[in-house]
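Colleague: fold the following, please.
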Amino acid sequence: MDTRLGHLLQEAGLTCRDTDTAADGKAPGDVSGSAPGTPPGNDGESHGLTAYTPRIAVRACGRLWRLQRAADLETLWNAMLDDPQDFEDERLPYWTELWPSSIALCRWLEQRRAEIAGQPCLDLGCGLGLTALVGQWLGARVLAMDYEEDALRFASLNARHNGILPPPLWTVMDWRQPAVRPRSIVRLWGGDIMYEKRFVAPVMHFLSHVLAGDGAAWVAEPGRGVYEAFLQALHGGGLEGRRVFSERVEPLYAQPVPVTVAVWEIRRRSRSA
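Modeller: Residues are numbered from 1 along each chain as shown. Predicted structure coming up:
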């Protein structure tokens, strides 16, 4: 197993053996079969999992959200290794995990319901779609972007499963090449979107490009070192940030302690600052 896959599994709270499940010849993304682990019950959340499972359920904003995802993580990883272009671009399958930052971000969005209702909002790196679905359910007009087409396919499926009509507008987009009208987004959010320092500059450029003059971006993060570099770099990019929310989140997978997630609000720096 590639050591970077092991690192990804560690981040999710899994061990390498948890993904050794794809000996059945299923194509990447097939969710028709089962994977070992503790799937959610009919009325309960997924929690304390000891293995990856293609169906999970989480509670947010007073309701249960049922999500489907890729059948197994290692098959996705091997598909990336088999495609030289994907491997060179390091298109790691982070999207198929539901990170604690997304749960905390859902709770923050619920608190800001009046602020996002009816507004054009953008979900940056939507993954399985949970925060985009929550935002749409709370009344926002959500444009949800991800770099990976497979992520958007599952996000769209999850919108149907959870009765979100109309659904968010799903779009493939690379934050290095913004395909959004400048200064058109009133509210933007993303959960745990950066894993390496090389992402800091393009994310800052993207925020500067899309945020309306009075716009705000909400970035949820679990204390990774890359976010220290990001926050330190804000001033040079004409932006400023402050922590607006913090919460301890019980992750999907069994871990000794909950994960503390902070939400940072990022705005354009005022001219007087």
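
Colleague: please count neighbours and contacts with C-alpha atoms only from this point.
Modeller: Fine.

Colleague: ranges for the strands of the stretch 151-273 of the chain?
Modeller: All strands of the stretch 151-273 of the chain, identified by DSSP state E, counting those that start in this stretch, fall at 169-172, 185-191, 211-221, 239-249, 259-268.

Colleague: ok, the first one: who's next to it in the sheet?
Modeller: It stands for strand 169-172. strand 141-146 (parallel) (DSSP bridges).

Colleague: quick one, strands of the stretch 1-150 of the chain?
Modeller: For the stretch 1-150 of the chain, strands defined by DSSP E, counting those that start in this stretch occupy the ranges 55-60, 63-68, 120-124, 141-146.

Colleague: can you say which of those strands is nearest to residue 257?
Modeller: strand 55-60 (18.3 Å; Cα to Cα).

Colleague: let me see the mean pLDDT of that closest one.
Modeller: The pLDDT scores in strand 55-60 average 95.

Colleague: repeat that for stretch 179-190.
Modeller: For stretch 179-190, the mean confidence score works out to 95.

Colleague: picking up where we left off before, turn the strands of the stretch 1-150 of the chain into TSV, including distance to residue 239 and mean neighbour count.
Modeller: Formatted as TSV, the strands of the stretch 1-150 of the chain follow (distance: least, Cα to Cα, whole Å; neighbours: other Cα atoms under 10 Å):
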stretch	distance to residue 239	mean neighbour count
strand 55-60	30	18
strand 63-68	34	17
strand 120-124	17	25
strand 141-146	22	25
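
Colleague: okay, those strands in JSON lines with distance to residue 111 next?
Modeller: Listed next are the strands of the stretch 1-150 of the chain as JSON lines, based on distance: least, Cα to Cα, whole Å:
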{"stretch": "strand 55-60", "distance to residue 111": "12"}
{"stretch": "strand 63-68", "distance to residue 111": "15"}
{"stretch": "strand 120-124", "distance to residue 111": "15"}
{"stretch": "strand 141-146", "distance to residue 111": "17"}
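
Colleague: ok, which of those strands comes nearest residue 93?
Modeller: strand 141-146 (11.5 Å).

Colleague: that closest one vs strand 120-124, what angle?
Modeller: 20 degrees (axes from the mean of the first three to the mean of the last three Cα atoms, to 10 degrees).

Colleague: how far off centre is stretch 192-207?
Modeller: Mean-position distance between stretch 192-207 and its chain equals 14 Å (Cα atoms, centre = their mean, to the nearest Å).

Colleague: how long is it from one end to the other?
Modeller: 15 Å (Cα to Cα, to the nearest Å).

Colleague: now residue 145, nearest residue through space, not along the chain?
Modeller: residue 171 (4.9 Å; Cα to Cα, 6 or more residues apart in numbering).

Colleague: can you pull the contacts of residue 126?
Modeller: Contact analysis of residue 126 by Cα atoms under 8 Å, 6 or more residues apart in numbering lists 95, 132, 144-146, 151-152, 155, 190.

Colleague: relative to residue 270, how far out is residue 131?
Modeller: From residue 131 over to residue 270 the distance is 29 Å, taken as Cα to Cα.

Colleague: who's more crowded, these two?
Modeller: Each of residue 131 and residue 270 has its neighbours counted (other Cα atoms under 10 Å); residue 131 has more, 28 against 11.

Colleague: burial of the nearest residue to the more buried one once chain neighbours are set aside, as a residue count?
Modeller: Nearest-residue entry for residue 131: residue 106, 5.8 Å, with adjacent residues in sequence omitted and distances by Cα to Cα, 6+ apart. When neighbours are counted by other Cα under 10 Å, residue 106 registers 22.

Colleague: what's the spacing between residue 106 and residue 132?
Modeller: For residue 106, the distance to residue 132 - Cα to Cα - is 9 Å.

Colleague: common neighbours of the two, please.
Modeller: Joint contacts of residue 106 and residue 132 (Cα under 8 Å, 6+ apart) do not exist.

Colleague: related to what we said a few turns ago, residue 185: which of the strands of the stretch 1-150 of the chain is closest?
Modeller: Residue 185 lies closest to strand 120-124 among the strands of the stretch 1-150 of the chain, at 5.8 Å (Cα to Cα).
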